[in-house]
Each structure stands twice: as structure tokens, then as C-alpha cells.
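Engineer: quick one: sequence plus predicted model below, questions after.
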Amino acid sequence: MGNKKILAFFVLGIITMFLVSCSQPEQAGKPAKPQPAPEMQKEAPQETSPVEVPKEAAMPSQINDVGEQLNTVDQTASEINTADLADVEGALADVENI
Amino acid sequence: MIKRAFAAFVMTVFLLSIVAVSAQTEDSKNTDGKSRLGAAREKNKERLAKIESLDKAQQERLAKVNEKNVEKIAELKKERLDRLAKLSERKLERVSELEKAKLEKVADLSDAEIEKAASLGRERLKMLAEKDQPKLRAELAKLKVVKVKNAEEIRLRKVLAEKKEAAKKEFEKAREEYKSSKEELKASRDKFKQLKESGNEAEMITEAKKTLLNSIDRIISHLQQTKSQIEQNEQIEESRASVIIQDIDAKIKEFEALKPEIEAATAKERVREIAKKIKGRWANAYEKARAYSERVVAAKVEGVVNRAQVLEKKLDSALSKLKEKGVEVDTAEEMSQFSALVEDARSKVEQAKEKLEAARKSTDKEQAKALVDEAKSLIEQAKDALKNAHEKLKEIVKKAGEAGGEIEIEDEAEVEVSADASVAATASA
């Protein structure tokens, strides 16, 4: 590896460390930096990590349960659907015309 | 060699700095959130400190209310404030979301009534607070506050585990009979039609009788399925469930009684007569059977409504825990929409239940049909509202995730919900 490459990595490392130290929260006793306006506060995370893709939150089981219970309701409704007995009416009509 | 070691050192410094940056970003997010929360509470305290009548403890509790609601609270008269300050943090938060006039109306209630009102879901509380004071009090009198860990504890009756198990087995058995009788009915009906064409009368009568017996089996197994569902459902009051079960049993008996008549028939005129008889009985029983089936579905939907009501309270708790951790996530709008959808579903199920009860009592077939149709449509609307409420829940969890927090709903935590006074005493009052 050439000296120039090593130097480049070294400088990058130093810059990154410098950025970290600059962005540390204020220590007790030190004068606080002025707080950004609320609108800016909202946008702040986008500035620090513009390419960050939000993680898909895992659903708690209790919330999934609601969906499952709704499916169960549909299943029960279909199992005891009285309209499903239309074949009985047809069959009785056939025998009535014997 | 020295050069390589130095290069490795530089690489390590670089990689460590990346790790430090990412860790610091998460920490600072939460630290910022916490400091903002602390600052908001301090500001609230300053506002409330101006009210001389409040003691330190009351100020502390009221200061935890969301910044945008504290102004309304601060404007209340001393007596009203005194009463509201007795509420727990979460109840106070929920009540303080009301518009000022409604908040004042609630604050004018007695301590017990305020507790009851604060245990309601957001939307139901909002709707009740729209009523005048006597009506509001009358509505609250119909409710009771119950402490529950889960929605199963909000039930209109308790069904013993063994009885529930037996009913489930009965249902499975009836389900199998229902399916097999469908196949058998199709086979006998097809054969009957073929024999009618070919002109073999004796064999035709035999198949006609089989068709009638299979028709009866299908009706009975359908009624039996509904009966088993009612027997195991805890969202149907005991008195109502008994009446429905008795009626279903009577109908099953009526159809069973026709079987010996069918078996004894030898002439086609007699078979025709019995077919007419079955048809008449089924036509009379049809709307009642529909009403009973829909009653089961309504009870199941009510179970989901209860689940959603408990979730609203548990979510409130989970979101305030996130807030304490410094994760700020504003879900007020989504929570309000969720609550409105659940309340809509609850109200539709209640209306459906009333219509089904009227259909059960009705002696007019047409009227019963209209009532069951209306109830069925209300139940569908309630299901749709719950499906939308479920989507809102997902949005809330997603929003919390995007803010860097994870919603943790505690299974074992008890929450207070306001339920109809008819709710069985299985939940602790």
C-alpha cells in the first residue's frame, strides 16, 4: 500500500473522529448551544442520515391477533351461512314435482 | 513490516470512528428526546405554578400532560382542576384531549363518574361528552369500569372450559355431517332426476325419500352448527343464549320427527306431501336460522371490538413508555382515528344485536327478513371499520419504528375499560 493511500485513510479517520467529537451532547457546565427551531428539529434526523432507510417495524403479536380474529369471524360466518342451504330448497322443489 | 502495521492501525482508527458515529447518532436521538420532554414538562410546570390553588403534587401530575393540552387544563376553575388532578397520568392525558367545553363538562362530574368517563376509549368519551349533563350521567350509569388483562375477560357470561370443549367437538361433528350430507343430497337428487326421466317409479320413490332424508340432515346439521357456536360463545348473555338454544332444539326436533314419516311412505303422493311439509317448515324456520347465525357473527365481531378497546389502552401505555425513553412519536391523529373506527364498529354491532333480537321475536316473516338483512349489513360495516382500525394500528407501530422506538405491548398488564353493566363479573370491577 502506498504512502499516499495510508495518509488518505489516516486523514479520513481523523476527520471522522473530529466530527464525532463536535456532535457530542453538551457537557454539564459548558454553555448550551442555541436550540434549533421546532421545524428544524423535525428535519434534523434527515440531515444526519439522508440515505437511512427506515426499518419495517415488526408487528406486536397482539396487533396481528386482531387481523387473525377478523379472519376467524369471516370463516365462522361462511361456515354457518344459511344461504348455503339453497340446494335443500332446490331438492325439495324437485321432489314436490314427483 | 512497520508500514503494514501502521496501515492496519490507520484502518482500525477509521473503522472505530464509523462505529462511534453510528452509536452516537442513536444515543443523541434519545438524549435529545429526553431533554425535549424534560423541557416541555418544566414549561408546563411554569404555566401551572401560576395557579396558586394547586399543590406541588397536583402540579407534578398535570405537568405531564401533552404541551398542547396543558393550556386548556390551566384555564379550568380550581374545583374542576382538583377533580381532574386525581386521575392517573394516562387517563388525564386522554381526557385532556377533549375540546375545552367538553373537558369542562367532564370535570363537572363526580369523582367516580370522571373515573368511568376517563376509562372509555377516546371516541366514545368524545361522543358522550357531547351530551348534556343529565344524559351524560345517565349513560355513565349504564357502564362499569373493569380491570382486565385481555379482551377475553370482557364477557357477557362465563362458559366453563369443559362445556366449551364439548361444544367445539359438537361443532366439528355437525360440520362433518353438514359436508357429507351435501354430497349425499347431490347424489340422491341427481339419481332421482334420472329415474324420473326413465320412468322406474319404485326406484324413483326410493331416491326421492333419500333426497328428503338428506335435506333434513342438512337442515339439522346446519342448526346444530349454529347451536354449538352459541353454546361456546361468551359474548351472548346467558338468558339470551338459553332462549336461542331452546328454539334451535325445538326446530331440530320438528325436523327429526319427519324422518319416520319419510321412511314409512310408499306412494309418490305421500312423498310429495312430505316434501311440501318440509318445505313449509324450512320456510318458517329460515329467517330465525339466519338471525341465529348472524347473532353468532355479531358476538364474534364484538369480541374483536373488545380486543381493540383493550389494545387502545395498552398502546397508550406503550407509547408513554417510549416517551419516557426519549422516543418522541406523535400518534395522536392515528390513535384518534383508530378509536373512532373501533367506536363505529361497537355502535354498529350494538344496533345489529338489537335488530336480531327483534327478528327473533317477530312473528312476521317479511319483517324478520328485513331486520336480519339490516343486521347483516351493520355487521359487515362493523367488520370493515375493524379492518380499517387494524390498518391504523399498523401505521402507529410503523411510525414508532421510524422514530427509533419499538412498541411493546404487555400481555400481563391490567388496563381499565368501561364496559356495559351486563358484562359478567369475571373481570375485576
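Structural biologist: Nice, thanks for sending it over.

Engineer: residue contacts, B:Glu152?
Structural biologist: B:Glu234 (Cβ atoms under 8 Å, 6 or more residues apart in numbering or on different chains). C-betas here are computed from N, CA, C, even on glycine.

Engineer: could you pull up phi and psi at it?
Structural biologist: Backbone torsions of B:Glu152, given as degrees, to the nearest 10, read phi -60, psi -20.

Engineer: roughly how far apart are it and B:Arg270?
Structural biologist: According to Cβ to Cβ, to the nearest Å, B:Glu152 stands 52 Å off from B:Arg270.

Engineer: over to B:Gln225?
Structural biologist: For B:Gln225 relative to B:Arg270 (Cβ to Cβ), the value is 31 Å.

Engineer: so these two - more neighbours on which side?
Structural biologist: B:Gln225 (23 against 15; other Cβ atoms under 10 Å in any protein chain shown).

Engineer: that one is in what secondary structure piece?
Structural biologist: For B:Gln225, the element it lies in under DSSP states H and E is helix B:201-232.

Engineer: same for that helix, what does it pack against?
Structural biologist: Packing contacts for helix B:201-232, counted by 3 or more Cβ pairs under 8 Å, 6 or more residues apart in numbering or on different chains; DSSP states H and E, involve helix A:86-96, helix B:161-198, helix B:238-256, helix B:258-264, helix B:268-324.

Engineer: tell me the mean pLDDT for it?
Structural biologist: In this model, helix B:201-232 carries a mean pLDDT of 97.

Engineer: now the angle from that helix to helix B:161-198?
Structural biologist: Here helix B:201-232 points in a direction 160 degrees away from that of helix B:161-198 (axes from the mean of the first three to the mean of the last three Cα atoms, to 10 degrees).

Engineer: quick one: helix B:201-232 to chain centroid distance?
Structural biologist: 34 Å (Cα atoms, centre = their mean, to the nearest Å).

Engineer: relative to helix B:268-324, how tilted is that helix?
Structural biologist: 30 degrees.

Engineer: okay, now the unreliable bits of the chain?
Structural biologist: Going with chain A. A:1-3, A:10, A:13, A:16-18, A:20-57 (pLDDT under 70).

Engineer: not quite, go with chain B.
Structural biologist: B:1-54, B:424-429.

Engineer: quick check on B:Glu416: phi, psi?
Structural biologist: phi -100, psi 130.

Engineer: how about the nearest residue to it, chain neighbours excluded?
Structural biologist: B:Ser119 (4.5 Å; Cβ to Cβ, 6 or more residues apart in numbering or on different chains).

Engineer: correct me, but that neighbour touches B:Val145?
Structural biologist: Yes: counting by Cβ atoms under 8 Å, B:Ser119 does reach B:Val145; the two are 4.7 Å apart.

Engineer: pull the number of nearby residues for residue 91.
Structural biologist: Since you didn't name a chain, this refers to chain A. Neighbours of A:Ala91 (other Cβ under 10 Å): 26.

Engineer: ah, I was thinking of chain B
Structural biologist: 20.

Engineer: tell me the secondary structure for it?
Structural biologist: Using DSSP: H, G, I helix; E, B strand; the rest coil, the structure places B:Lys91 in helix.

Engineer: that one - nearest residue in space that isn't next to it in sequence?
Structural biologist: The spatially closest residue to B:Lys91, leaving aside those adjacent along the chain, is B:Ala118, at 3.7 Å (Cβ to Cβ, 6+ apart).

Engineer: report the separation between the nearest residue to B:Arg175 once chain neighbours are set aside and B:Glu176.
Structural biologist: Nearest residue to B:Arg175, sequence neighbours excluded (Cβ to Cβ, 6+ apart): B:Gln225, at 6.0 Å. To B:Glu176, B:Gln225 is 10 Å away according to Cβ to Cβ.

Engineer: same question, B:Lys182
Structural biologist: Distance of B:Lys182 to B:Glu176, given as Cβ to Cβ: 11 Å.
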